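[1] Turn this into a model:
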Amino acid sequence: MDKQFEKELEKTNKFVSLVYDKMNLFPNPNKEINDITAKGLTSNKLKHGSRYCPCFVVIGETREEKKKLNDRVCPCKPALEKEIPEDGICHCGIFCTSSYVDNYVKVDVSMVEHKLNLNSEKLNPLFKKDEINSVELVDLLDGRNSRLVNFILIDVREVIENDTKMIIGMDYLIPTSDLGNGLDSISDKKEENIVVHCHSGSRSAKVQEIMKSIGFKTVVNLSGGIVSYGGETK
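    Residues are numbered from 1 along each chain as shown. From the prediction side, this is the model:
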């Protein structure tokens, strides 16, 4: 981590703490989610000038364009007015209510259970869906290891996010900030089954839409992103 990023990350952590205190909110019980989101906010601050929500694609060149296009600046309006009141947690998972924290239960995915009864007939229909969940991705990765199915797993988060945590089995890192070049590098994969993921599922949904529009035949999004993923990571 370079010194500029480290210094800005310290400011971000102070900013997040102020939000907790001012709005009576709490950190996610999963500290890893807080760390990843804080680094994403820091990256956007250095790159775009504001702490834009790292779960969404930042659109527009100037500050005015970004504001007009409703880019999210943390803590964003949708999180404060809808997500936190209704779900107890913001989209990126860094701001939670006390009730959410009290009722938090860490999902423990049993890898042994997912390896049982896997077959091509069960797995192949998953590629016809627009979205799959964590359990289904675990099944697909296990199935690929057993040569029951074949697909490509693409992470569309930024490099700093991938460095913090990545899904074991990821094939390509194609950050949304360099999407054009990244997609050009896999232009020969348009006929293959592809699964995309990001932090919480929003950026990858946008990438999924773009990929389909330029000829990628089968692109499936991981609902909930890596935040919801219960399989193996490093």
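
[2] Next SSE downstream of the helix or strand of the chain with the lowest mean pLDDT?
    For the chain, counting by mean pLDDT, DSSP states H and E, helix 111-115 ranks last in confidence among helices and strands (a mean of 51). Remark: after helix 111-115, the chain's next helix or strand is helix 120-123, criterion DSSP states H and E.

[3] Give me the helices and strands touching that next one, please.
    helix 134-145 (3 or more Cβ pairs under 8 Å, 6 or more residues apart in numbering; DSSP states H and E). Using the backbone N, CA and C atoms, a C-beta is placed for each residue, glycine as well.

[4] Now the helix it packs on: buried residues?
    By neighbour count with 16 or more other Cβ atoms under 10 Å, helix 134-145 contains the buried residues 134-144.

[5] so how far is it off the chain centroid?
    Relative to its parent chain, helix 134-145 has a centroid offset of 18 Å by Cα atoms, centre = their mean, to the nearest Å.

[6] The chain - how does it break down into domains?
    3-102, 111-228 (automatic domain parsing).

[7] Give me the mean pLDDT for the shortest one.
    Here the mean pLDDT over domain 3-102 is 87, rounded to a whole number.

[8] starting at the chain centroid, how far to it?
    Using Cα atoms, centre = their mean, the offset of domain 3-102 from its chain centre is 13 Å.

[9] Let's have the buried residues of helix 134-145 in JSON lines, adding distance to Leu46 and pLDDT.
    Formatted as JSON lines, the buried residues of helix 134-145 follow (distance: Cβ to Cβ, whole Å; pLDDT from 0 to 100):
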{"residue": "Ser134", "distance to Leu46": "31", "pLDDT": "91"}
{"residue": "Val135", "distance to Leu46": "36", "pLDDT": "88"}
{"residue": "Glu136", "distance to Leu46": "35", "pLDDT": "93"}
{"residue": "Leu137", "distance to Leu46": "31", "pLDDT": "95"}
{"residue": "Val138", "distance to Leu46": "34", "pLDDT": "91"}
{"residue": "Asp139", "distance to Leu46": "38", "pLDDT": "92"}
{"residue": "Leu140", "distance to Leu46": "35", "pLDDT": "95"}
{"residue": "Leu141", "distance to Leu46": "33", "pLDDT": "94"}
{"residue": "Asp142", "distance to Leu46": "38", "pLDDT": "90"}
{"residue": "Gly143", "distance to Leu46": "40", "pLDDT": "92"}
{"residue": "Arg144", "distance to Leu46": "36", "pLDDT": "94"}
